[in-house]
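A.B. asks: Got a sequence here, can you model it:
(2 chains)
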Amino acid sequence: MNTIVKYITLDLIKNKIIIIYTLLLGVISFSVLSIDSNSSKGLLSLLNITLLFVPIISILFATIYFFNSSEFIELLLSQPVKRKTVLLAEYSGLSTALCAAYAIGIGIPTIILTPSPAALVLLVSGLLLTLSFTALALLVFVLFKDKTKGIGASIIIALFLSLLFDGLLLIFIYSFGEYPIEKPILGIIALNPIDLARILMLLQLDVAVLMGYSGALFKKFLGSMAGSTYAITCMMLWVIVPLLLSVKIFRKKDL
Amino acid sequence: MIKLTEVTKSFGKFKALDNISLTLGKGQAISLLGPNGSGKTTLIKSILGLVIPEAGTITVHGLQVNNNWAYRSHIGYMPQIGRYPDNMTIVQVLNMIKELRSDKRVYDEELIDSLGLRKIQDKTMRSLSGGTRQKVSACLAFLFSPDVFILDEPTAGLDPLSSEILQSKIAQERNKGKLILITSHVLSDLEDITSHILYLQDGKMMFHKTVEDLQNITGELKLSKIVASLMQEADVHKSFQHEHDS
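C.D. replies: Residues are numbered from 1 along each chain as shown, chains lettered A, B, ... in the order given. Below is the predicted model:
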């Protein structure tokens, strides 16, 4: 497995899109952090950029990459290796490259310019988002045979989680506003890794109460520590569950 | 060495393999022929475990293919289309597969030299032409001197000289008593290699005979003539059956 991961990562660090993605994140974080004197504001802007770009770029790039590697995966599978090994190696190689891009582009500038626990939490939530959306891309890859359909599905997943989900949540809150729905909402939020990342960061920045309903809820019901643990656990599940499902489906897939 | 028993595979309503049973033995060079969409690639992929048949069993060297992976160390596979990660170089691809197969330490690198890949080994895969990529696939298939070679359209896209080199390499391995399963639409390329012909049509096995037998049946000497006359016969047979059915 390590052999495959090593060579895939070596291939990807020379990939132009990964390089541009890293540079772009780096330029954005340097400019945002040096404009604002208030570091917490700067980190909030970076959080919004992370929530907007990381999911869609991770899932789209990963889906395209997996589908383009399907012949290569076949070749690897004609060698005496397990299917599970090949699939997880592809995932690990790609997520290593994307995580490295995020860590270099966002992590290094924030830790140099605003060294604080909040900067670390931003880095962790961005990395978890990368891992979970790459895992979702892997799930799309094993579910679809056709590349175009797969890319379509990935776009729908990314748009649903980043735009539509919050709208639906608002409708839900609006229509059931007179009932005690705080606890169910905590559960529903766990269904969206982007919301989890947002909450994780907001709890850390201590502006949770200012930043909307769900943040306030987390603060009130779970407190900073328990809330963060809950959010991180749910995000890890968003990595592990798609991965396990992919391996299970891939075992029976015709290539 | 390879044994298929009542193997059936369908994609939706379409039957790609229909109840196929056959035994392929040592020292044979089998040409797998048939029109487009007759199930040739599905048959190859089933043996490699890439396609999972819904019925029947396949064994390689007595090992069941199903849910097993170790048996593939006996097989050298050359795919129809070879695509590799864009930024990997030729030497990286070769090293990667070598590292993956830590069970083998002795490499057959004859093709790497004779196909001239050594000189361009630091080029990235993206910059290579289709034919050169095909050469890389060929080198990988022969690298570990396996007992079984499965070659899907090996000479398509190769220049005449490289095609000749590859064919003589295949013949050389056959003479060592290895099993070679090969598909190609370029029948003249198979002429000197083939000992058996396996003909598929609509997922069914039409026949599996030695070349001498077929020469006797059809009265033709050249492979292309033999196959042409057999295909015509099969067509007549099919249309006759069709009329009979309706």
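A.B. asks: where exactly do the strands run in chain B?
C.D. replies: For chain B, strands defined by DSSP state E occupy the ranges B:2-11, B:14-24, B:29-33, B:55-60, B:63-64, B:75-78, B:148-152, B:179-183, B:196-201, B:204-210.
A.B. asks: Quick one: closest of those strands to residue A:126.
C.D. replies: The closest of those to residue A:126 is strand B:75-78. By CB to CB, the value is 40.3 Å. Bear in mind the C-beta positions are built from the backbone N, C-alpha and C, glycine included.
A.B. asks: can you pull the contacts of residue B:144?
C.D. replies: Contacts for residue B:144 (CB atoms under 8 Å, 6 or more residues apart in numbering or on different chains) come out as B:73, B:76, B:101, B:104, B:107, B:108.
A.B. asks: Next, find the distance separating it from residue B:79.
C.D. replies: For residue B:144, the distance to residue B:79 equals 16 Å [CB to CB, to the nearest Å].
A.B. asks: swap in residue A:74?
C.D. replies: For residue A:74, the distance to residue B:79 equals 6 Å [CB to CB].
A.B. asks: Residue B:139 too?
C.D. replies: From residue B:139 across to residue B:79, the span is 13 Å (CB to CB).
A.B. asks: cool, residue A:63 as well?
C.D. replies: Distance, residue A:63 to residue B:79, by CB to CB: 22 Å.
A.B. asks: what residue ranges in the stretch 151-255 of chain A score low on pLDDT?
C.D. replies: Applying pLDDT under 70 to the stretch 151-255 of chain A flags residues A:206-215, A:221-222.
A.B. asks: For the chain, which segments count as helices?
C.D. replies: All of this is about chain A. Under the criterion DSSP state H, helices of chain A are mapped to A:2-12, A:16-35, A:39-68, A:70-77, A:83-102, A:108-113, A:117-143, A:147-159, A:165-175, A:182-189, A:193-205, A:213-251.
A.B. asks: I was thinking of chain B, sorry if that wasn't clear
C.D. replies: Using DSSP H, the helices found in chain B span residues B:40-47, B:90-100, B:110-114, B:130-142, B:160-175, B:187-190, B:211-218, B:223-245.
A.B. asks: of all those, which lies closest to residue A:9?
C.D. replies: Proximity to residue A:9 (CB to CB) singles out helix B:90-100 among these, at 11.7 Å.
A.B. asks: Show the buried residues in the contacts of residue B:144.
C.D. replies: The neighbour-count test (16 or more other CB atoms under 10 Å in any protein chain shown) marks B:73, B:76, B:101, B:107, B:108 as buried among the contacts of residue B:144.
A.B. asks: pLDDT score for the residue nearest the centre of chain A?
C.D. replies: Centroid-nearest residue in chain A, with CA atoms, centre = their mean: residue A:129, separated by 1.7 Å. In this model, residue A:129 is scored at 95, pLDDT.
A.B. asks: repeat for residue A:22
C.D. replies: 96.
A.B. asks: Over to the one 4 residues further on?
C.D. replies: Reported pLDDT at residue A:26 in the predicted model: 94.
A.B. asks: who touches it in this structure?
C.D. replies: A:104, A:105, A:106, A:108, A:109.
A.B. asks: 10 Å instead, please
C.D. replies: The contact partners of residue A:26, taken as CB atoms under 10 Å, 6 or more residues apart in numbering or on different chains, are A:101, A:104, A:105, A:106, A:107, A:108, A:109.
A.B. asks: Would you list the buried entries among those?
C.D. replies: Among these, the ones that count as buried by 16+ other CB under 10 Å are A:101, A:105, A:106, A:107, A:109.
A.B. asks: who touches both of residue A:74 and residue B:79?
C.D. replies: B:45, B:48, B:50.
A.B. asks: Distance check, the first one against chain A.
C.D. replies: Using CB to the nearest CB, to the nearest Å, residue B:45 is found at 7 Å from chain A.
A.B. asks: now the second one
C.D. replies: Distance check for residue B:48 against chain A: by CB to the nearest CB, it reads 5 Å.
A.B. asks: Any idea how many residues pack against that residue?
C.D. replies: 22 (other CB atoms under 10 Å in any protein chain shown).
A.B. asks: That one contacts residue B:65, correct?
C.D. replies: Yes. Counting by CB atoms under 10 Å, residue B:65 is a contact partner of residue B:48 at 8.1 Å.
A.B. asks: so how far does stretch B:140-153 reach from one end to the other?
C.D. replies: One end of stretch B:140-153 sits 15 Å from the other (CA to CA, to the nearest Å).
A.B. asks: And that stretch, what's buried?
C.D. replies: Going by 16+ other CB under 10 Å, stretch B:140-153 has these buried residues: B:140-144, B:146-153.
A.B. asks: Surely residue A:89 is in contact with residue A:81?
C.D. replies: Yes. The criterion here is CB under 10 Å, and residue A:89 meets it with residue A:81 at 8.6 Å.
A.B. asks: where do the contact lists of these two overlap?
C.D. replies: Joint contacts of residue A:89 and residue A:81 (CB under 10 Å, 6+ apart) are A:1, A:3, A:4, B:100.
A.B. asks: got TSV for these, with distance to residue A:140, neighbour count and pLDDT too?
C.D. replies: Shown next, in TSV, are the shared contacts of residue A:89 and residue A:81 (distance: CB to CB, whole Å; neighbours: other CB atoms under 10 Å in any protein chain shown; pLDDT from 0 to 100):
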residue	distance to residue A:140	neighbour count	pLDDT
A:1	22	15	82
A:3	26	18	90
A:4	21	23	92
B:100	26	19	89
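A.B. asks: nearest to residue A:152, of these?
C.D. replies: Nearest to residue A:152 among those, with distances taken as CB to CB, is residue A:4, at 28.2 Å.
A.B. asks: and the closest one, how far is that from residue B:122?
C.D. replies: 21 Å.
A.B. asks: how close does residue B:25 get to residue B:76?
C.D. replies: Distance from residue B:25 to residue B:76, by CB to CB: 17 Å.
A.B. asks: try residue B:148
C.D. replies: Counting by CB to CB - residue B:148 and residue B:76 are separated by 7 Å.
A.B. asks: Could you name every residue contacting both of the two?
C.D. replies: The contact sets of residue B:148 and residue B:76 overlap at B:178, B:180 (CB under 10 Å, 6+ apart).
A.B. asks: closest one to chain A among the strands of chain B?
C.D. replies: strand B:75-78 (3.9 Å; CB to the nearest CB).
A.B. asks: Return the list of helices and strands in contact with the closest one.
C.D. replies: Applying 3 or more CB pairs under 10 Å, 6 or more residues apart in numbering or on different chains; DSSP states H and E, we find strand B:75-78 packed against helix A:70-77, helix B:40-47, helix B:130-142, strand B:148-152, strand B:179-183.
A.B. asks: Counting by contacts, list what the last one packs against.
C.D. replies: In other words, strand B:179-183. Using 3+ CB pairs under 10 Å, 6+ apart, strand B:179-183 sits against strand B:14-24, strand B:29-33, helix B:40-47, strand B:75-78, strand B:148-152, helix B:160-175, helix B:187-190, strand B:196-201.
A.B. asks: repeat that for 8 Å
C.D. replies: Counting by 3 or more CB pairs under 8 Å, 6 or more residues apart in numbering or on different chains; DSSP states H and E, the packing neighbours recorded for strand B:179-183 are strand B:29-33, helix B:40-47, strand B:148-152, helix B:160-175.
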